[in-house]
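Novice: Pasting the sequence and the predicted coordinates here, then a few questions.
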Amino acid sequence: MRRFSIRQSKKSGLPPGTLIHVGQRHVEHPSIWVMDYAPDHLDEHTDIRIDDALAWLKSPNVTWLNVVGLDADFIGQIGNALNVHPLVLEDILNTDHRPKVEEYDDYLFIVCKAPRHDDGVAVEQLSMILFGTGVVCFHERGSDLFNALQERIRSQRGFIRSKGVDYLAYSILDTIIDSYFVTVEMINDTVDDLEETLVTEPTTDTLQALQHCKRHAIMLRKAIFPMREVAFSLEKIGAPFFGSDVRPYLRDVYDHCIQIMDTIESIKDMLSGMLDIYLSSTSNKLNEVMKVLTIISTMFIPMTFLAGVYGMNFIHMPELQWRYAYPAVLLVMASIAGVMALFFKKRGWW
Amino acid sequence: MRRFSIRQSKKSGLPPGTLIHVGQRHVEHPSIWVMDYAPDHLDEHTDIRIDDALAWLKSPNVTWLNVVGLDADFIGQIGNALNVHPLVLEDILNTDHRPKVEEYDDYLFIVCKAPRHDDGVAVEQLSMILFGTGVVCFHERGSDLFNALQERIRSQRGFIRSKGVDYLAYSILDTIIDSYFVTVEMINDTVDDLEETLVTEPTTDTLQALQHCKRHAIMLRKAIFPMREVAFSLEKIGAPFFGSDVRPYLRDVYDHCIQIMDTIESIKDMLSGMLDIYLSSTSNKLNEVMKVLTIISTMFIPMTFLAGVYGMNFIHMPELQWRYAYPAVLLVMASIAGVMALFFKKRGWW
Amino acid sequence: MRRFSIRQSKKSGLPPGTLIHVGQRHVEHPSIWVMDYAPDHLDEHTDIRIDDALAWLKSPNVTWLNVVGLDADFIGQIGNALNVHPLVLEDILNTDHRPKVEEYDDYLFIVCKAPRHDDGVAVEQLSMILFGTGVVCFHERGSDLFNALQERIRSQRGFIRSKGVDYLAYSILDTIIDSYFVTVEMINDTVDDLEETLVTEPTTDTLQALQHCKRHAIMLRKAIFPMREVAFSLEKIGAPFFGSDVRPYLRDVYDHCIQIMDTIESIKDMLSGMLDIYLSSTSNKLNEVMKVLTIISTMFIPMTFLAGVYGMNFIHMPELQWRYAYPAVLLVMASIAGVMALFFKKRGWW
Amino acid sequence: MRRFSIRQSKKSGLPPGTLIHVGQRHVEHPSIWVMDYAPDHLDEHTDIRIDDALAWLKSPNVTWLNVVGLDADFIGQIGNALNVHPLVLEDILNTDHRPKVEEYDDYLFIVCKAPRHDDGVAVEQLSMILFGTGVVCFHERGSDLFNALQERIRSQRGFIRSKGVDYLAYSILDTIIDSYFVTVEMINDTVDDLEETLVTEPTTDTLQALQHCKRHAIMLRKAIFPMREVAFSLEKIGAPFFGSDVRPYLRDVYDHCIQIMDTIESIKDMLSGMLDIYLSSTSNKLNEVMKVLTIISTMFIPMTFLAGVYGMNFIHMPELQWRYAYPAVLLVMASIAGVMALFFKKRGWW
Amino acid sequence: MRRFSIRQSKKSGLPPGTLIHVGQRHVEHPSIWVMDYAPDHLDEHTDIRIDDALAWLKSPNVTWLNVVGLDADFIGQIGNALNVHPLVLEDILNTDHRPKVEEYDDYLFIVCKAPRHDDGVAVEQLSMILFGTGVVCFHERGSDLFNALQERIRSQRGFIRSKGVDYLAYSILDTIIDSYFVTVEMINDTVDDLEETLVTEPTTDTLQALQHCKRHAIMLRKAIFPMREVAFSLEKIGAPFFGSDVRPYLRDVYDHCIQIMDTIESIKDMLSGMLDIYLSSTSNKLNEVMKVLTIISTMFIPMTFLAGVYGMNFIHMPELQWRYAYPAVLLVMASIAGVMALFFKKRGWW
């Protein structure tokens, strides 16, 4: 988390709309790729120039522009070309922004968070501007999140080719939300593994792993919670951005968000229960250790005392001369041990 | 929980409306049974074909179609025949869906969760499509949940035969909600048993059993909470799906949901109180163990020291020659023990 | 709590409106008593027949019918005679119902919870149907809760005789709410006693008593919370059931509910503070025990070691022959004890 | 708290509007004092009769009547003379009432809670009836809370003399709310003192003091929370009781309430943090004690064992005859102690 | 916190609108500086007189007046000159006020909290009055918070010079909110450092540092929470104070507030997880200490007992004369130690 605030605080004092990339920079070379399709037509190009991108966007077909890499200058040029509000550009570059929807006169600006799993669990930002003739997506860095969606457009599966821009926007959202299921499942698996470890051999590492899972769950909830609001807002916005045939699909996205949130809550409940078990098992182990110490100590201490008594060097100790004193003392010692054993037995300490 | 996410994440990247069964598959062979009734008429058939099912549904009588087993192809065929939105079919197959109501132009789609008790406590999904002329239920697998309801239809008890489709839908909902009482009671019994165990002989197993109960309670609450919203929505929806005479009954279902939620809250309160008692009794036991150790140790340590002193081999130890030194030392030791005993008594350690 | 669920679950599968008594059965023989009054007139009869009861109810005077004992058949007959909805009768018999108000065309159905103190703290259900000409109350079993109210009607105190049916209904509610104050006071007294015990001599019994109080407080809150909603609804309902002159009184009932809830919250806050003190005092006692053990052990262990050294039987131990070796060793031992004592003093362990 | 419920429960069964003083009785002899003022006029009398009080109230000047001492008969007479609803009188006498505002046709009834600091922290009730020509205040007992306000009226400071009845009512409220700052400050000081004690020398008394502060904070919050609602309601009520020029002042009272609530929340947060530190420092002390015990014990136990071995009386123990056995054994013992010391050093136990 | 309440309580009893500075006084000599600008014009003066300040404010250019130092008399004069409500002046001087917006006929009054980092984390108050022709800011003391903003006005960066008064007000707000990012980042860094310390070497100091961070986080949240409401209100207020082109910027401020709140919540979550780890690691250390004690004690106690037995001075102890008794006893002792070691190994205590 440290990196985030340092970058964000850098902007303190700068005029609003100043374009500075807040967050980790992932790609040196920003690039654009485009998919432009109609039911009977598909154009696909990578690494195109900004001017060409605009030309594609103005075409009557459904255009899906993807800008990979958040370079401030590059984004600034695109923003000017698209005639987008400076604050929108600022939000695109601030990759710690909370998901939201903003309605402008001729476009809709959507900020999303998608989970990544390359190393550990993390979320990355994905901004989207929805125009009447296409969707422009801004990615922090390249990923294979949308491979399946691209494939569907190419292969005409799922009638996406026959649908409009709103359906494309929905498909992108749906892909993002679906990727949360994968992440939630990963955490769930870790929790299941931890649960077994907890029973067999709990250590401080287990506790730290619990805390890690909890933090991941909190991070995901922090991301999915506003995503739900985004889905809700989009369903409400409707015309002219979303046709009435797409609204049930947006409702479906909303339902999925709630399902993910429910699962995250379940994970958190499980984790807090596991923490209780961990703490209790730690305290039980202390109890067990103490019992062993107490049993051994209290059984031998009186016997040792007795041995000490008869180790004293007084001249006048009549017992020392007795014939069967020694075995008698051993017997007494054994009795003491026996009584102690019964006492501990009665208390249920064995 | 592991199974759920794996299945759900499998769908990631597929087009919406793709029919894949998410959840555990329980029945190999999906089948349909039907009850078609009017006040003076009852038809009942099992294992009918899809075409016949539709014919029954179109009849003017009240028709109750039951599809047992969630096979994607099979559900797809039924869905097409019934002209149902693809997302509805997707939700039917996704058995991890949250209960909800969706209003469409000519049907109402209801997703429910019903508890099962075959092995442990679990919830299963039951989807329902309410048409003007009948109800179509989708079961994950066969169960005897509705036996009593079928019997009532057969025997004309409870005037269900004289009522319409809306009353049938209500009766199904009511049966589902009533089955929660059985489950809640099971958990309640377990909690009562645990409470006794907690007082007599608490172990780590008790704690794990507490956690199990808590998890079941949370699972049930997660299921009943949206069920309450379903009941509330249905009461609000009214015409044309529900006649005004059925609305008090829906209100009753809503009341029952709240009653179940209250009971679950009580169970959770009891469990958290029991956890406190468990932790406290563990710590009390440690206290008791420590007291025994301390009493025995501190009583004997000074006496053993004294014995050690007179076990030293110095040539010049005048006491060793004294006539009554030995009994005197024994007396001193007894006094030490006595003083200690009084000290512990005063502190209330016996 | 066990009894509740078993009974409630018995209903699972039965048609709605089936009259089965859910809860504990208290009276074998249900009976009816009636008070029928006007400013200048009072009729009072016990053990009347159902037909007579109806006759009284139809009279223009204010009629207060009381049905004591929840026998399913008996309630069924009364319900039919009064032309009441079957679900109302079902709710009257289900004595685990949540307090609520339901408005019907020509009557108001009110479910209340009143605390009992015969043995421990418990709540019992009291249902009320408010007609234009009288109130019908359904009691689980006879109690002296309303003795004072009856006396007021008899003696014409509190101008109740000059008021209408709505004022009678209010008076019944007011009596119920006032009885909560008695119960809350009982719990409060117990908590005060426990607080003293906690300081002087806390045991596990104290903890269990704390948990009992907490459970009672939770039970009362669970009962009073919906009672508050009942009072709020009644104030809102107004005409024709409640005249405008009675509404300030209903507001007063509402205020009392909130006052009771506030007091219960205070009790809960006190209890949770007491739990903290209990746990802390337990851990303090352990600390004290450990200190005693540590002080005694660590003071004597080095001295005992020294005694052991000079108890060794080596031939060549020059110290053993020295003239003042013995007193010197004793001195050394005393010094060790003194240093230890100072050390513990410095650490503040005495 | 015990006193409260006993008194309140006494009313159980009595007709509503029965005037019984609920709470602690503070003054034997109720009395009335009056201030009647206009910009150029001031009349001030103590111990006046009820009839005179009414005469003052009817005068066109601003009249401030103060009834000190809650005697049921006395209040009853005043209430009748003022033609006030019986429930208002009941609420005046019930000094455990929650703060509230009630609007009647020709007067406004306000119940307030003001903190007292004579002994410990407590709140007392202050009721106010706001007529068009004056304010009637009901005090549980005499206090100097309003001395400064009286002085301002006398000296014409703060233009209160040129303002109307609504400004007087506001001034009373403002004085009450300001007195909360004094109480909150007292608690805050105690908390600050406790924080220092906590670091230097925490005892169970510290914990109990923490709990006391927490209880006081909760008590104040319970009082100020509905006071905020009172301020909010008064701002909303407006004409004819409050002129538009007084409304910003009421808004100011509301702001002060929120400021007090915020401070109380901060105090509660600090207290819960201090509880954590207390518990942790207790457990740290146990740790320290255990370390001392363990270090001393484990260093001497092996050495004592060695001494014991050579204290055995076997005939055939060759070492006993060796010339340098004794110093060699001492060396071995020293080595054991050294190794132990290093071991503990490595574990960071010193 | 102590200082705050003492000051606030001083006002108790004074008439409303009495100007007393509540809070810490930072500057002896209050002063005013002004920036007056238009697209092609900039006037900047420090230490001007009140009369001149008003003249600047009345000019048609955008005027930014800054009053540094809260002297009651000085603020009073300015207030009278500006014709501002006395309560506004009171709020300016009460530097413990909660952030808020108040709309008056011809000006908008805004109370803000800005974080400071000179020593530790603290918030200071900054009040703002927004007139049609300029903004008047009231600072507790001089700071460099607005240096960058002044520089932007001077250098015409960020087109602020071409914008109106509303944009200036927004820029001030934006600067304040941005400064929270710096503070949140500081806390975040401390938390990160603490997390490492927690793993390597946790002490009570770590715990106190955790509590400090938590308190700072709570303090910031207490400040930013109403700031969010301020931003929200300003966005809603609109004309005539804010033009429609500035509203997206206010929305942006609102988004930043939520982002800061989210980050603070994350910090709080992390801190509570770290507290759990701290407590658990403390208890683990106790466990480890106890294990060492138990292992050493229980291994040597039986051996020491055996040595004690053969140190007894009985005449008739046949073993003492046996030839290989001594090595045999040593062997027995070694066996005991071995068995113990195996026992502890099996329990996993090594």
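Specialist: Okay, I see it. Since the model is a prediction, treat every value here as computed from it, not as a measurement.

Novice: Every contact and neighbour count from this point should use C-alpha atoms.
Specialist: Fine.

Novice: Tally up the residues packed near the residue in chain A positioned nearest to chain B, please.
Specialist: Closest residue of chain A to chain B, CA to the nearest CA: A:Met312 (3.9 Å). Residues within reach of A:Met312, counting by other CA atoms under 10 Å in any protein chain shown, total 23.

Novice: wait, isn't it in contact with B:Asn313?
Specialist: No. Counting by CA atoms under 8 Å, A:Met312 sits too far from B:Asn313 to count as a contact (9.2 Å).

Novice: Quick one: neighbours of whichever residue of the stretch 101-250 of chain A sits closest to chain D, just the number.
Specialist: Closest approach between the stretch 101-250 of chain A and chain D, counting by CA to the nearest CA: A:Thr204, at 16.7 Å. Neighbour count of A:Thr204, defined by other CA under 10 Å: 15.

Novice: and the residue of chain A found nearest chain E, how far is that from C:Leu306?
Specialist: Here chain A gets closest to chain E at one residue, A:Gly311, 3.9 Å apart by CA to the nearest CA. From A:Gly311 across to C:Leu306, the span is 15 Å (CA to CA, to the nearest Å).

Novice: what about the two, which has more around it?
Specialist: Using other CA under 10 Å, the more surrounded residue of A:Gly311 and C:Leu306 is A:Gly311, with 27 against 23.

Novice: So the residue of chain A closest to chain E: helix, strand or coil?
Specialist: coil (DSSP: H, G, I helix; E, B strand; the rest coil).

Novice: And it, how close does it get to E:Leu330?
Specialist: A:Gly311 is 19 Å from E:Leu330, by CA to CA.

Novice: Could you do A:Thr197 as well?
Specialist: Relative to E:Leu330, A:Thr197 is positioned 42 Å away (CA to CA).

Novice: Tell me who's in contact with A:Glu102.
Specialist: By CA atoms under 8 Å, 6 or more residues apart in numbering or on different chains, the contact set of A:Glu102 is A:Leu108, A:Phe109, A:Ile110.

Novice: same deal with A:Gly311?
Specialist: A:Gly311 touches B:Ala307, B:Gly308, B:Gly311, E:Gly308, E:Gly311, E:Met312, E:Asn313, counting by CA under 8 Å, 6+ apart.

Novice: How much space separates it from E:Ala307?
Specialist: Taken as CA to CA, the span from A:Gly311 to E:Ala307 is 10 Å.

Novice: Without its sequence neighbours, what residue ends up closest to A:Pro86?
Specialist: Of all residues not flanking A:Pro86 in the chain, A:Gly17 sits nearest, at 5.0 Å (CA to CA, 6 or more residues apart in numbering or on different chains).

Novice: In contact with the one you found, which residues?
Specialist: Contacts of A:Gly17 were listed using CA under 8 Å, 6+ apart, and they are A:Pro86, A:Leu87, A:Leu89, A:Glu90.

Novice: so how many other residues sit close to the second one?
Specialist: For A:Leu87, the count of nearby residues is 17 (other CA under 10 Å).

Novice: my guess is it contacts E:Tyr249, does it?
Specialist: Yes. Judged on CA under 8 Å, A:Leu87 makes contact with E:Tyr249 at a distance of 7.4 Å.

Novice: Tell me the residues that contact both of these two, please.
Specialist: Residues touching both A:Leu87 and E:Tyr249 by CA under 8 Å, 6+ apart: A:Pro16.

Novice: quick one, what contacts the residue positioned nearest the centre of chain A?
Specialist: Nearest residue to the geometric centre of chain A (CA atoms, centre = their mean): A:His216, 3.0 Å. Counting by CA under 8 Å, 6+ apart, A:His216 touches A:Val121, A:Ala122, A:Ile187.

Novice: Show me those that map onto strands.
Specialist: Among those, the ones falling in strands (DSSP state E) are A:Ala122.

Novice: I'd like the contacts of A:His216 as TSV, with pLDDT and distance to C:Leu320 appended.
Specialist: Formatted as TSV, the contacts of A:His216 follow (pLDDT from 0 to 100; distance: CA to CA, whole Å):
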residue	pLDDT	distance to C:Leu320
A:Val121	78	73
A:Ala122	84	75
A:Ile187	90	72
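
Novice: Most neighbours among the contacts of A:His216, please name it.
Specialist: The most neighbours of any of these, using other CA under 10 Å, belong to A:Ile187, which has 23 neighbours.

Novice: Setting aside sequence neighbours, what's the nearest residue to that residue?
Specialist: Distance criterion CA to CA, 6+ apart; nearest residue to A:Ile187, sequence neighbours excluded, is A:Cys213 at 6.4 Å.

Novice: From what I see, that neighbour and A:Val191 are in contact.
Specialist: Yes. Contact criterion CA under 8 Å: A:Cys213 and A:Val191 qualify, at 7.2 Å.

Novice: circling back: quick one: the residue nearest to A:Pro86 is in a strand?
Specialist: No. If the criterion is three-state DSSP, then A:Gly17 is coil and not within a strand.

Novice: anything in the helix or strand hosting A:Asp262 near chain D?
Specialist: For A:Asp262, the host element (DSSP states H and E) is helix A:247-309. No. Applying CA under 8 Å from any CA of the partner chain, one finds helix A:247-309 separated from chain D by no less than 9.9 Å.

Novice: so where's the stretch 101-250 of chain A shaky on pLDDT?
Specialist: Applying pLDDT under 70 to the stretch 101-250 of chain A flags the ranges A:119, A:156-158.

Novice: Please tell me how far A:His212 sits from E:Glu195.
Specialist: Separation of A:His212 from E:Glu195 (CA to CA) stands at 13 Å.

Novice: more neighbours, those two?
Specialist: Set side by side, A:His212 and E:Glu195 show more neighbours around E:Glu195, with 19 against 16, by other CA under 10 Å.

Novice: I figured that one hits E:Met274, correct?
Specialist: Yes. Applying CA under 8 Å, one finds E:Glu195 in contact with E:Met274, separated by 7.1 Å.

Novice: How about stretch A:269-277 and chain B, touching?
Specialist: Yes. Shown here: stretch A:269-277 in contact with chain B (CA under 8 Å from any CA) through A:Asp269, A:Met270, A:Gly273, A:Ile277.
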